[in-house]
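# sequence and predicted model, in that order:
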Amino acid sequence: MNRKYFPLDKAAVEKLAQQYPTPFYLYDEKGIVENIRRIKAAFSVFSGYKNYFAVKALPNPRILKILAAEGLGADCSSYTELLLSEMAGISGEDIMFSSNETPAREYETARKMGAIINLDDFTHIGFLEKTAGLPELVSLRYNPGPLKEGNAIIGRPEEAKYGLTREQIVSGFALLKEKGVGRFALHTMVASNELSVPYHVETARMLFELAVEVKNKTGITFEFINLGGGVGIPYRPEQQAVEYGVLAAGIQNAYNEIIKPAGLDPLGIRTEWGRTVTGPHGWLVSRAIHRKGIYRNYIGLDSCMADMMRPGLYGAYHHITIPGKEDAPLSEVYDVVGSLCENNDKFAVQRKLPKIVTAAEDAAHADLVVIHDAGAHGRSMGFNYNGKLRCGELLLRQDGSVVQIRRPETAEDYFATLE
Ligand SMILES: *Cc1c(COP(=O)(O)O)cnc(C)c1O
């Protein structure tokens, strides 16, 4: 069992909650930066390695700036994600635009910004040419269909809406070449939250083999291969994190076996990881406000699924700890819930936890509840159903100070679009 970390003790987080009322997200800059340096060290075996951080995972320009300072680019799939990257000073080919069902306007913005455009469909070659125009560098997204198994969150590639088939990849690159495109990249994204190293190595192997096939059939060579996102994090204490060094070594073996003999070396290796970069370094901090005992025992929080929907949406496990009670016996079984009028608004179901004190019972001693691994696909998946206002975001800086990097939403924000 791994002890789940939280960077503040009870006194420090209570003090923070006085200044910034709960609920709030807290991100740990030091944890994020150290993690990126581990990734970069492991992947330094590939010259020019770059991770384009998936902006959707944590779309805050203050965070993107920290990532950019560590050499990361941005993976965008919408107009506003492109603008967020721009706000963070990320531009040109440091942006990979991996969108799907893309409106013309978004291609135009991506082209203007000089982003690398990754096309999701064969027909988008002509669409891009007609609208924004074809850039000198184009990437295509591969969907292996029945040739690769997916996983629970993203589903089976065969049923996934993304990418081009194997035949379309070959004819797509041939067509791009014919149209005068001179630089090429190959991309895939076949799994989400996958902890298995062999799975990711197999994905790399599959792309390497495809790169050789495309070269043999069309004569083109790739500038880089983008392995996509999808590296998992150990949401459960008993799970093990992916060892970046082992993963990089596995990919390097496949590279040496397939890419080198085919004369395709040097070939750049890129990734689009989001979750594994920031996920373990963010938390949703809430206050327990109500206790309810009916057929089950419930603890009601001052946050809800509108702040973080993964548990409600996929039944995803997020570890929960109570500051000051980290070593207390797990004597209770609770459903930890939010206030939405939706019964899947549950952060945890039948979870063993220490006895929790709620604000309604004893305001002075009410417990804070920390939901772990909320640093990616957390607040960004939030919504406003039931008129709920999403909480703000705080950043714990490397010097130990805390700054608010997004204020909580207000009723005025919610009404701002009414005519
Ligand atoms: C969501 C997504 C990512 C990031 O996935 P993680 O699981 O956060 O690593 C990368 N690329 C594409 C195209 C995506 O849709």
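Thanks, I have the structure now.
# going forward, measure contacts and count neighbours with C-alpha atoms only.
Will do.
# show me which residues of the stretch 101-250 of the chain sit near the ligand.
Residues of the stretch 101-250 of the chain lying near the ligand by CA under 6 Å from any ligand atom: 189, 192, 193, 228, 229, 230, 231.
# possible to save those residues as a markdown table with secondary structure?
Formatted as a markdown table, those follow (DSSP: H, G, I helix; E, B strand; the rest coil):
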| residue | secondary structure |
| --- | --- |
| 189 | coil |
| 192 | coil |
| 193 | coil |
| 228 | coil |
| 229 | coil |
| 230 | coil |
| 231 | strand |
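# export the residues you listed to TSV and tack on pLDDT?
Converted to TSV, these look like this (pLDDT from 0 to 100):
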residue	pLDDT
189	93
192	92
193	94
228	97
229	96
230	96
231	98
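# type out the PyMOL command that picks the buried ones from those residues.
Applying 16 or more other CA atoms under 10 Å to those leaves a buried subset, and the PyMOL line that selects it is:
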select buried, resi 189+192+193+228+229+230+231
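# residue ranges with poor pLDDT in the chain?
149-155 (pLDDT under 70).
# hey, which helix is longest across it?
Looking across the chain with DSSP state H, the single longest helix is helix 197-218.
# where do the helices sit along this structure?
Under DSSP H, the chain gives helices at 10-19, 29-43, 61-69, 79-87, 104-112, 123-130, 166-178, 197-218, 244-254, 275-278, 310-314, 411-415.
# okay, angle between the third one and helix 29-43 too, please.
I take that to be helix 61-69. Counting by axes from the mean of the first three to the mean of the last three CA atoms, to 10 degrees, helix 61-69 lies at 30 degrees to helix 29-43.
# in helix 61-69, what counts as buried?
Of all the residues in helix 61-69, those buried under the rule 16+ other CA under 10 Å are 61, 63, 64, 65, 67, 68.
# which residue ranges of the stretch 251-400 of the chain form strands?
268-271, 282-293, 297-301, 320-321, 332-337, 346-353, 368-371, 392-396 (DSSP state E, counting those that start in this stretch).
# could you dump the buried residues of helix 61-69 into JSON lines with distance to the ligand added?
Output for those, formatted as JSON lines (distance: CA to the nearest ligand atom, whole Å):
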{"residue": "61", "distance to the ligand": "17"}
{"residue": "63", "distance to the ligand": "15"}
{"residue": "64", "distance to the ligand": "14"}
{"residue": "65", "distance to the ligand": "18"}
{"residue": "67", "distance to the ligand": "14"}
{"residue": "68", "distance to the ligand": "16"}
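# show me the contacts for residue 270.
Taking CA atoms under 8 Å, 6 or more residues apart in numbering, we find residue 270 in contact with 49, 50, 51, 52, 224, 225, 226, 227, 228.
# how close does it get to residue 260?
Distance, residue 270 to residue 260, using CA to CA, to the nearest Å: 17 Å.
# now swap in residue 305 and tell me
On the measure of CA to CA, residue 305 and residue 260 end up 49 Å apart.
# what about those two, which has more around it?
residue 305 (28 against 13; other CA atoms under 10 Å).
# for the more buried one, which non-adjacent residue is spatially closest?
residue 345 (5.3 Å; CA to CA, 6 or more residues apart in numbering).
# that neighbour - how many residues pack around it?
Using other CA under 10 Å, the number of residues around residue 345 comes to 21.
# now swap in residue 413 and tell me
10.
# run through who's touching stretch 160-180.
Residues from elsewhere that reach stretch 160-180 (CA under 8 Å, 6+ apart): 100, 119-122, 125, 136, 140-145, 154, 184, 188, 214, 217-218, 220.
# please apply the same query to stretch 115-134.
91-101, 104, 107-108, 110-111, 137-142, 162-164, 168-169, 172, 176, 181, 187.
# of all the strands of the stretch 251-400 of the chain, which one is nearest the ligand?
With CA to the nearest ligand atom as the criterion, the ligand lies closest to strand 268-271 of the strands of the stretch 251-400 of the chain, at 7.9 Å.
# hang on, residue 334 packs against residue 294?
No: Residue 334 is beyond contact range of residue 294, at 11.3 Å (criterion: CA atoms under 8 Å).
# ok, those two, which is more surrounded?
Per other CA under 10 Å, whichever of residue 334 and residue 294 has more neighbours is residue 334, with 23 against 6.
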